[in-house]
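A.B. asks: have a look; sequence and predicted model below, questions after that.
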Amino acid sequence: MKIKVKRIKEILGFGVLHVCMLCVLMILAVIVYDIVSKGSGVISWDFLTKPPVDGMTKGGIFPAILGTFFVTLMTAVLAVPLGMGCAIYLNEYARDDGLTRFIRLSIRNLSGVPSIVFGLFGVALFVDACHFGTSILSAGATLGLMTLPLTITASEEALKTVPRSYREGALALGATKWQAIRYNVLPLAIPGILTGMILGLSRAAGETAPILFTGAAFFLPDVPNSILSQFMALPYHLYIMSTQHHNIALVRPIAYGTALVLIVLVFLMNLVAVIIRYRLRKKGNAHG
Amino acid sequence: MGRHFREELEQLNSDILKMDALVEESVAKAITALRDRDPKAAQAVIDNDTRVDEMELVIDERCLDLIARYQPMASDLRFITTGMRLNGELERIADIAVDIAERVIFMAGEPLLKPLVDIPRLTAVAQKMVKMAIDAFIARDSAIAKQVLRLDPEADSLRDAIHKELVEEYMIKDPSTTPRAVQLLLIARFLERVCDHATYIAEDVIYMVNAEVVKHHPERL
Amino acid sequence: MRMDKKIRMKARKVEFFYGTTQILHGIDLDIFENNVTAIIGPSGCGKSTFIRLLNRMHELVPSARLKGEITLDGKSITSADVDPVEIRRKVGMVFQKPNPFPKSIFENVAYGLEVNGVKDRHFIEDRVVSSLKKAALWQEVEKRLHDSALSLSGGQQQRLCIARCLAIEPEVILFDEPCASLDPISTHKVEELILELKKDYTIVIVTHNMQQAARVSDHTGFFYMGKLVEFGRTEDMFTRPREKRTEDYITGRFG
């Protein structure tokens, strides 16, 4: 009798959890379905490779795709070395003292700062103070700053998974600290660090607020030709097409097409991260 | 090592004491048989020896078993190795009691050569030394053990006195007394051997307690 | 008496702290050449901490602080102007848990040479082979030098770590409970190896296993609560320790 009650409770419990999960899946499915069904119609080779024409009511989104690619690349160039460097410093070199704790706390707080605040900060620092102007460099740097907390934390986690014994083993053989990190720690931590970096970049690729004032352009017929050029970007383009265009109803399909391209891009980046993590885990198991 | 090992050491200790009780009983009975010239009592001593032999094997096995299973160290190691040696010494003392009993049976048919004077004194010393050596073991007291070692010269001089008297007063003056004199001579020698084994026990006890080797190093006493 | 052996390492008045917690109190200890010196004591007595001072591995913990002096051949290894990397080349270490790198067997043994700037491939190859032979592992790995070190058994991994250590030709080798995670047969092999190695090296071994200390060492030091309670020849320590606390520990009355 008692056992039966327990079983029923168990089934009920599972049921509730299943419903929660289904709700989340449904929301995702609705979003994806909405975007795919309304956006796939406009996707064509021309849409992906031609610039917008006729007051952005026709044509493609090529400059925005390229702009997003460049600005993400710029973000990577700035954030990856900086993030890795910080993480290595914090995890391998820093003493566990007040200063280090303060740095960690600051990084954690930084991740809570709204992206629009980063945007404003980017304007103040990169656009004005550094005289980079509104450019790929300014926008990339701003996005880089914004993703730093994520990349630092992810890299530190990756470094922490490397057993202490490898460091000790290397040091005991007369390796310097840097040799131990370079030959023993990093090779094992790199996949984890990469995963964190890609997730950070995929988030950066989809951001609008930080690039709003730092480099994204309303409309440029040509592709950017230097890191000091302005650029079009997918999220910003989407924002314009949905809210700022003089004929929103007319360009709605283009907006959906842009949204589709953007989420496919972000999904692809996340997929790469997942694949790297999966392979890492498999390798980890083989070692265990 | 835990309680279990302590209990087994305790068991070994009580086995050694049992062994000692058997051996001291044999010696006492052999001496009584000698005093009373009682071949029956002497035979009892001989019969009793199988119990001593069995006990010796039990203790040996227990010691080996403890060493094999626990790899004892320091005082535990010294206790067990001393236990093994004590076991051997006690068994030999029991064998000597049997030797004495055999002489008693041999001499039963003939009149005594002379009234026994020095031999009872030697038996007293031998019994005292064995008892003290075992007391030292029980009390883990090297001071008592050292006293045992100091008694040994007395045993030696008593034996020498007995030898001298038997040889000079009887065997030389009247060679026909030789067979009976030889029996007494042997008994004196046996009793002195008991004293020797008591000193070995005492030396082992000193090693066990103080971890110092006094055997073959009289200067260390 | 073999006390006339040459002293390679000396600890004098060594005090050691983690932050404000004092771990070691006034340790004076000599390590004799071509001897195995065993350090025993209950968990938390400071024995592993002590051995890590001997090649300055303690510095990996930031709050570590050392007073007193440790010397190798009369020269201080603990003063601030001595490079710990230099010391670790002379004083090698084998750890409690086998810790081969996730690289090939060959690369593991070659590692120490490479980080120390050896470039000559022939030299490295010869040294790898001779180290594996000295570590009694050659026959087992001869045909699979380029397999992952992690494919070896625990006991083989530990001998690989020993080979790795031998490759840089240290003068002193520290063993920090080297058999703690090994089965009895692997333990036996490592012990045999230690006895073999002491002909050419000076060895210090920390062990929980007193029988092991008794089997492999010439001198034994007993640590208790951060102090060196007793130090002496191993045969004396295990048959007639001078100190009551040593006696109590090795007969298992505590710890």
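C.D. replies: Looks like it came in fine.

A.B. asks: so where's chain C shaky on pLDDT?
C.D. replies: C:1-4, C:255 (pLDDT under 70).

A.B. asks: count of residues packed around residue 10?
C.D. replies: I'll assume chain A. Neighbour count of residue A:10, defined by other C-beta atoms under 10 Å in any protein chain shown: 10. Using the backbone N, CA and C atoms, a C-beta is placed for each residue, glycine as well.

A.B. asks: that's the other chain; I wanted chain C
C.D. replies: Residues contacting residue C:10 under the criterion other C-beta under 10 Å number 17.

A.B. asks: so what's it up against?
C.D. replies: By C-beta atoms under 8 Å, 6 or more residues apart in numbering or on different chains, the residues touching residue C:10 are C:29, C:30, C:31, C:69, C:70, C:71, C:74.

A.B. asks: what's the distance between the strand or helix carrying the third one and the middle of its chain?
C.D. replies: Pointing back at residue C:31 there. Assessed by DSSP states H and E, residue C:31 sits inside strand C:21-32. For strand C:21-32, the separation from the chain centroid amounts to 16 Å (computed by C-alpha atoms, centre = their mean, to the nearest Å).

A.B. asks: stretch A:247-259 now?
C.D. replies: 24 Å.

A.B. asks: please pick the buried ones from the contacts of residue C:10.
C.D. replies: Neighbour-count burial (16 or more other C-beta atoms under 10 Å in any protein chain shown) is assigned, among the contacts of residue C:10, to C:29, C:30, C:31, C:70, C:71.

A.B. asks: doesn't the last one lie inside a strand?
C.D. replies: Yes - with DSSP: H, G, I helix; E, B strand; the rest coil as the criterion, residue C:71 is part of a strand.

A.B. asks: residue A:174 and residue C:89 touch, don't they?
C.D. replies: Yes - the criterion here is C-beta atoms under 8 Å, and residue A:174 meets it with residue C:89 at 3.8 Å.

A.B. asks: between these two, which one's more packed in?
C.D. replies: residue A:174 (26 against 21).

A.B. asks: ramachandran coordinates for the more buried one?
C.D. replies: phi 90, psi 20 (degrees, to the nearest 10).

A.B. asks: residues from chain B in reach of chain C?
C.D. replies: With C-beta under 8 Å from any C-beta of the partner chain as the criterion, chain B meets chain C at residues B:1, B:2, B:5, B:71, B:72, B:73, B:74, B:75, B:76, B:77, B:78, B:211.

A.B. asks: closest residue of chain B to chain A?
C.D. replies: residue B:71 (30.9 Å; C-beta to the nearest C-beta).

A.B. asks: list the contacts for that residue?
C.D. replies: Per C-beta under 8 Å, 6+ apart, neighbours of residue B:71: residue C:211.

A.B. asks: which residues in the stretch 1-150 of chain A form helices?
C.D. replies: A:2-39, A:45-49, A:62-88, A:98-110, A:115-122, A:136-160 (DSSP state H, counting those that start in this stretch).

A.B. asks: same for the fourth one, what does it pack against?
C.D. replies: Taking 3 or more C-beta pairs under 8 Å, 6 or more residues apart in numbering or on different chains; DSSP states H and E as contact, the helices and strands that helix A:98-110 lies on are helix A:136-160.

A.B. asks: also the second one?
C.D. replies: Using 3+ C-beta pairs under 8 Å, 6+ apart as the contact criterion, the neighbours of helix A:45-49 among helices and strands are helix A:62-88.

A.B. asks: now the spatially most central residue of chain C. Its backbone dihedrals?
C.D. replies: Nearest to the geometric centre of chain C sits residue C:174, at 1.4 Å (C-alpha atoms, centre = their mean). Dihedral pair for residue C:174: phi -100, psi 130, per degrees, to the nearest 10.

A.B. asks: over to residue C:229?
C.D. replies: phi -70, psi -40.

A.B. asks: quick check: it touching residue C:248?
C.D. replies: No - Residue C:229 lies out of contact with residue C:248 (C-beta under 8 Å); the separation is 10.2 Å.

A.B. asks: nearest spatial neighbour of residue C:91, chain-adjacent residues omitted?
C.D. replies: Nearest in space to residue C:91, with sequence neighbours left out and distances taken as C-beta to C-beta, 6 or more residues apart in numbering or on different chains, is residue C:55 at 3.9 Å.

A.B. asks: Three-state assignment for the one you found, please.
C.D. replies: Residue C:55 - assigned by three-state DSSP - is coil.

A.B. asks: got the contact list for it?
C.D. replies: A:172, C:77, C:84, C:87, C:88, C:91, C:92, C:93, C:172, C:174.

A.B. asks: I'd like the distance between the residue of chain B closest to chain A and residue C:217.
C.D. replies: Going from residue B:71 to residue C:217 by C-beta to C-beta, to the nearest Å gives 15 Å.

A.B. asks: likewise residue A:96?
C.D. replies: Taken as C-beta to C-beta, the span from residue A:96 to residue C:217 is 36 Å.

A.B. asks: between the two, who's got more neighbours?
C.D. replies: Taking other C-beta under 10 Å, residue A:96 and residue C:217 do not tie; residue C:217 has more neighbours (27 against 10).

A.B. asks: residues contacting that one?
C.D. replies: By C-beta under 8 Å, 6+ apart, residue C:217 lies in contact with C:35, C:36, C:37, C:38, C:205, C:234.

A.B. asks: of the residues you listed, closest to chain A?
C.D. replies: residue C:205 (15.0 Å).

A.B. asks: helix, strand or coil for the closest residue to the closest one other than its chain neighbours?
C.D. replies: Distances taken as C-beta to C-beta, 6+ apart place residue C:175 nearest to residue C:205, at 4.1 Å, with adjacent residues excluded. Following three-state DSSP, the label given to residue C:175 is strand.

A.B. asks: hmm, back to that, output the contacts of residue C:10 as JSON lines; include the columns distance to chain B.
C.D. replies: Output for the contacts of residue C:10, formatted as JSON lines (distance: C-beta to the nearest C-beta, whole Å):
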{"residue": "C:29", "distance to chain B": "21"}
{"residue": "C:30", "distance to chain B": "23"}
{"residue": "C:31", "distance to chain B": "23"}
{"residue": "C:69", "distance to chain B": "32"}
{"residue": "C:70", "distance to chain B": "29"}
{"residue": "C:71", "distance to chain B": "32"}
{"residue": "C:74", "distance to chain B": "35"}
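
A.B. asks: now, which of these sits nearest chain A?
C.D. replies: residue C:70 (16.3 Å).

A.B. asks: what's across from the closest one in the sheet?
C.D. replies: residue C:11 (DSSP bridges).

A.B. asks: that one against residue C:13, yeah?
C.D. replies: No - the criterion here is C-beta under 8 Å, and residue C:70 misses it with residue C:13 at 10.1 Å.

A.B. asks: residue in the stretch 51-200 of chain C with the shortest distance to chain B?
C.D. replies: Nearest to chain B, among the residues of the stretch 51-200 of chain C, is residue C:184, at 13.3 Å (C-beta to the nearest C-beta).

A.B. asks: that residue: neighbouring residues, count only.
C.D. replies: Neighbours of residue C:184 under the rule other C-beta under 10 Å: 9.

A.B. asks: with the one 5 residues further on instead?
C.D. replies: The burial count assigned to residue C:189 is 19, neighbours taken as other C-beta under 10 Å.

A.B. asks: how about the buried ones among the contacts of residue C:10 in a markdown table, adding distance to residue A:266?
C.D. replies: Compiled in a markdown table, those are given as follows (distance: C-beta to C-beta, whole Å):
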| residue | distance to residue A:266 |
| --- | --- |
| C:29 | 62 |
| C:30 | 66 |
| C:31 | 62 |
| C:70 | 57 |
| C:71 | 62 |
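
A.B. asks: what is the neighbour count of residue B:195?
C.D. replies: Neighbours of residue B:195 using other C-beta under 10 Å come to 26.

A.B. asks: same deal with residue A:33?
C.D. replies: Residues near residue A:33, counting by other C-beta under 10 Å, number 10.
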